[in-house]
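> following is a predicted model, sequence given first.
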Amino acid sequence: DADISGTQGALAISGGYGEVKGGNYKTQVCEAGHNAVFYALYVAGEVGNATAVVSGGTFESEVRNASLVGNSKDGGNKLPAAVYFTGGTFISPDGIAAVNADVGYGNPSITGGTYSSDVSAYVSTAAVYDPATGTVTPISQENATTSIEKMDGLTYYYDSLADAVADVKDGETILLLKDATGDGIVVPEGSNFTIDFGGHTYRITSMVGSTGTETNGMQLLKDSNLTFKNGTIARSATGTRILIQNYSNLTLEDMTLDGTTGNSAFLCDYVLSNNYGNITLKGNTNIKARNVAFDVCYWPNSTYSNGVSVTVDESMTGVIDGDVEISTYSATEADLSDLLKLNINGGTFEGEFKNITAEVNDPTIAITAGSFTDDISAYVADGYTMVQNSDGANVVLEGSGDSAITGKIAVEITPGADANTYDIMLTADDGK
């Protein structure tokens, strides 16, 4: 409830963390003729990274912006500054922006408050902006599909998963709050975040992709580090040929990717198509396909020249129901062992393994554990052996020949007819 007025500033946060919940802050022309009038609220990283949450108060400048975020000119150490505007009133003269940011140094995010100028450039997708009144209203938790905890005690709510992806920052987690349907998703290059599906299902109703090939449910672009966990992504849009087109470093943990839903007349060719990056499948992750469950495809051009690898790690307990395809767009490039990799250390695979690379390509395919309906003996790693279980499944065990069974059996003992004798049954443990 403070009342602060000045000429060169009213309230400044030059490092650390601050909260403003109310009060009146004004910069005005000095009666003594000192007219270097600056900002009612100034937040910049002059002595350290600066963060502020503004939930109330009135901020007014007679000459300049009511608030400036970040300063590359005379801002001391010129470190990053962020302000979360969840409320308050911001007033500047006609033609002057109520809130301004120094690009690359300041990051304002607006979900609430009233502003004397157009602030649409800073309004989060977690809010609705009415330019006629200058009012910004946050999406309510009751109506939201997703949320992001921006910091302890500050959570943004969103109408859609696409809106949350558009607003997520490095290191943040998007939480799906309920089962939802929505648009296809494009994740920009260089992103770094997690989507926790919270046990819910997201059904994709429209397609995305490169211009002229909008046939993807999701397109995850390169140089991104992404984790999807605890839920289901399903196809419902007719014409979705690839549920997830991936160029990122992607981890799938306890996820189900379902390419069998939707119009059966339009097959989903690939549920998860991997053309670049490092991909890890772990936990109870399942892929349901009518065709290819996932592929590992090296694309030899300058954009994707670092190659692609898929690892099914040792924690994997899920089922890959569909084919696995290993391929390359280069039929002649020799020795792709460092550029095209598939490592399987667990899981159940109910489909065909299709290595459609040329012999000269020499990709790295190494299987050390798992259960398979296909004969994958050609891909078993050195020091391991494929054996057939009593149910006809092929399992991979450590060792070679008969030694592969050693230490890998379960013993079931039941009393025989004579109390002093026992029947003993030896059963392979599926390589798990």
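Great, that's in hand.

> list the buried residues for stretch 247-263?
For stretch 247-263, a neighbour-count test (16 or more other CB atoms under 10 Å) marks 247-262 as buried. C-beta here means a position set from N, CA and C on the backbone, and glycine is covered the same way.

> no no, stretch 39-53
39-46, 50-53.

> with stretch 377-384 instead?
Buried residues in stretch 377-384, counted by 16+ other CB under 10 Å: 379-381, 384.

> adding distance to residue 175, pLDDT and secondary structure, write the buried residues of stretch 39-53 out as a markdown table.
Below are those laid out as a markdown table (distance: CB to CB, whole Å; pLDDT from 0 to 100; DSSP: H, G, I helix; E, B strand; the rest coil):
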| residue | distance to residue 175 | pLDDT | secondary structure |
| --- | --- | --- | --- |
| 39 | 35 | 96 | strand |
| 40 | 35 | 97 | strand |
| 41 | 31 | 98 | strand |
| 42 | 33 | 97 | strand |
| 43 | 28 | 97 | strand |
| 44 | 31 | 96 | coil |
| 45 | 29 | 95 | strand |
| 46 | 35 | 95 | coil |
| 50 | 27 | 96 | strand |
| 51 | 22 | 97 | strand |
| 52 | 24 | 98 | strand |
| 53 | 20 | 98 | strand |
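
> nearest to residue 27, of those residues?
When the buried residues of stretch 39-53 are compared for distance to residue 27 (CB to CB), residue 40 wins out at 5.2 Å.

> mind checking the longest strand of this protein?
Criterion DSSP state E: the longest strand present in the chain is strand 286-298.

> helices or strands up against it?
Under the contact criterion of 3 or more CB pairs under 8 Å, 6 or more residues apart in numbering; DSSP states H and E, strand 286-298 touches strand 249-258, strand 270-274, strand 308-312, strand 319-328, strand 340-349.

> C-alpha coordinates for it, PDB please?
In PDB, the C-alpha atoms belonging to strand 286-298 read as follows (Å, rounded to 0.1, in the frame of the first residue of the first chain):
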ATOM      1  CA  ASN A 286       3.700 -49.100 -25.500                       C
ATOM      2  CA  ILE A 287       3.400 -48.400 -29.300                       C
ATOM      3  CA  LYS A 288       0.300 -49.700 -31.100                       C
ATOM      4  CA  ALA A 289       0.500 -49.800 -34.900                       C
ATOM      5  CA  ARG A 290      -1.200 -51.300 -37.900                       C
ATOM      6  CA  ASN A 291       2.000 -50.800 -39.900                       C
ATOM      7  CA  VAL A 292       5.300 -49.500 -38.600                       C
ATOM      8  CA  ALA A 293       5.500 -48.900 -34.800                       C
ATOM      9  CA  PHE A 294       8.700 -46.900 -35.100                       C
ATOM     10  CA  ASP A 295      11.600 -46.400 -37.500                       C
ATOM     11  CA  VAL A 296      15.200 -45.400 -37.300                       C
ATOM     12  CA  CYS A 297      16.000 -43.500 -40.500                       C
ATOM     13  CA  TYR A 298      19.200 -41.700 -41.200                       C
END
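
> so how far is residue 310 from residue 291?
From residue 291 across to residue 310, the span is 17 Å (CB to CB, to the nearest Å).

> ok, these two, which is more surrounded?
residue 310 (23 against 16; other CB atoms under 10 Å).

> returning to what we had before: save the buried residues of stretch 377-384 as JSON lines, and put in distance to residue 180 and pLDDT too.
Compiled in JSON lines, the buried residues of stretch 377-384 are given as follows (distance: CB to CB, whole Å; pLDDT from 0 to 100):
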{"residue": "379", "distance to residue 180": "38", "pLDDT": "94"}
{"residue": "380", "distance to residue 180": "42", "pLDDT": "95"}
{"residue": "381", "distance to residue 180": "41", "pLDDT": "94"}
{"residue": "384", "distance to residue 180": "42", "pLDDT": "94"}
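
> out of these, which comes closest to residue 345?
Closest approach to residue 345 among the buried residues of stretch 377-384 (CB to CB): residue 381, at 9.2 Å.

> that closest one against residue 366, yeah?
Yes: the criterion here is CB atoms under 8 Å, and residue 381 meets it with residue 366 at 4.1 Å.
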